[in-house]
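Chemist: Sequence and predicted model, in that order:
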Amino acid sequence: MSSQDITLSLEERKQVRKGLNKLKDAGLIPAVIHNPGKDSIIVSAPFKEAVKVYHQAGKHHPVNVKVGTQTYLTIIKDADFETKKHTLRHLVFGIIKQDAKVETEVPITLVGDAPASKAGLLVVRMLNDIELEAFPRDLPDEVTVSVEKLVEVSDKITVADIDVPKGVTILTEATHPIAIVEETPAQVSEEAAEESAEAAEAAEATTEEAPATESKE
């Protein structure tokens, strides 16, 4: 995990449902802090600061949230965005403890150059994030995996190819593909055309070789 401390100041709110429009007009977004075994804390966050924190922390980096005189160690559990503009409109934080493991998503970064790409083939991304379990202090900001073994069509890299730091457990199925090599649509069309032409030639050759049927008078 990065040594960077991320902090966000929140305020308790009373506005719900229709009252949420007033928050938006004031440059705020609604948020909730889930506290296991206790009532959730209903809060609001300054829009610009909340967006910045989300981009910094994602769902894997602990965030210190301040509500009045209280400070809670949390992790972002969910972020809701408007469909068309993809604007952040709601955040859900979950209180965590330094001495308790948490399960969360961490982004996967592909590193290196895939020989398949240089050969004009298509490297298709199948997985962007991975599920991990670790103590908050051990959570990585990302995991990396090399694509240099992607050479030919059907070559793939899977979750099993990822090496994680000590103290981190991968929860995602090991056989889940991360990236796979495929032919480009143009290559597929070209092969299909060649196969069609070969089939037509074979059919024509068969017709020519077939003996003529004698008619009986």
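Modeler: Yep, that arrived.

Chemist: which residues touch the top strand by length along the chain?
Modeler: Looking across the chain with DSSP state E, the single longest strand is strand 70-81. Residues lying outside strand 70-81 but in contact with it, judged by C-beta atoms under 8 Å, 6 or more residues apart in numbering, are 33-35, 54, 57-65, 87-98, 102, 104, 136. Just so you know, the C-beta spots here come from the backbone N, C-alpha and C atoms, and that holds for glycine as well.

Chemist: got it, and stretch 149-164?
Modeler: 108, 114-117, 119, 121, 123, 127, 130, 132, 140, 143-147, 170, 172-183.

Chemist: pLDDT on that stretch, on average?
Modeler: For stretch 149-164, mean pLDDT rounds to 95.

Chemist: list the buried ones in it?
Modeler: Residues Leu150, Asp155, Lys156, Ile157, Thr158, Val159, Ile162, Val164 are the ones in stretch 149-164 that count as buried (16 or more other C-beta atoms under 10 Å).

Chemist: do stretch 94-113 as well
Modeler: Across stretch 94-113, burial judged by 16+ other C-beta under 10 Å covers Gly94, Ile95, Ile96, Lys101, Val102, Thr104, Glu105, Val106, Ile108.

Chemist: next one: stretch 46-64
Modeler: Quick answer for stretch 46-64 (16+ other C-beta under 10 Å): 46-47, 49-51, 53-54, 57-63.

Chemist: Likewise for stretch 172-184?
Modeler: Taking 16+ other C-beta under 10 Å as the neighbour-count basis, stretch 172-184 is seen to contain the buried residues Thr172, Ile178, Ala179, Ile180, Val181, Glu182, Glu183.

Chemist: Next step: the contacts of strand 70-81 restricted to helices.
Modeler: In this view, the contacts of strand 70-81 that belong to helices under DSSP state H are Tyr54, Ala57.

Chemist: Contacts for stretch 39-56, please.
Modeler: Contacts of stretch 39-56 (C-beta under 8 Å, 6+ apart): 4, 6, 8-16, 23, 27-35, 63, 65, 67, 76, 79, 88, 91.

Chemist: just the strands in this structure please.
Modeler: So, for the chain - with DSSP E - the strands run 7-12, 28-34, 41-46, 63-67, 70-81, 88-95, 102-111, 122-125, 129-134, 143-146, 156-158, 169-170, 177-182.

Chemist: Show the buried residues in the contacts of stretch 39-56.
Modeler: Listed as buried from those are 6, 8, 10, 13, 15, 23, 28-33, 63, 65, 76, 79, 88, 91; burial here means 16+ other C-beta under 10 Å.

Chemist: Asn115 contacts Glu148, correct?
Modeler: Careful, residue 115 is Pro; it's not Asn. Yes: under the criterion of C-beta atoms under 8 Å, Pro115 makes contact with Glu148 at 7.1 Å.
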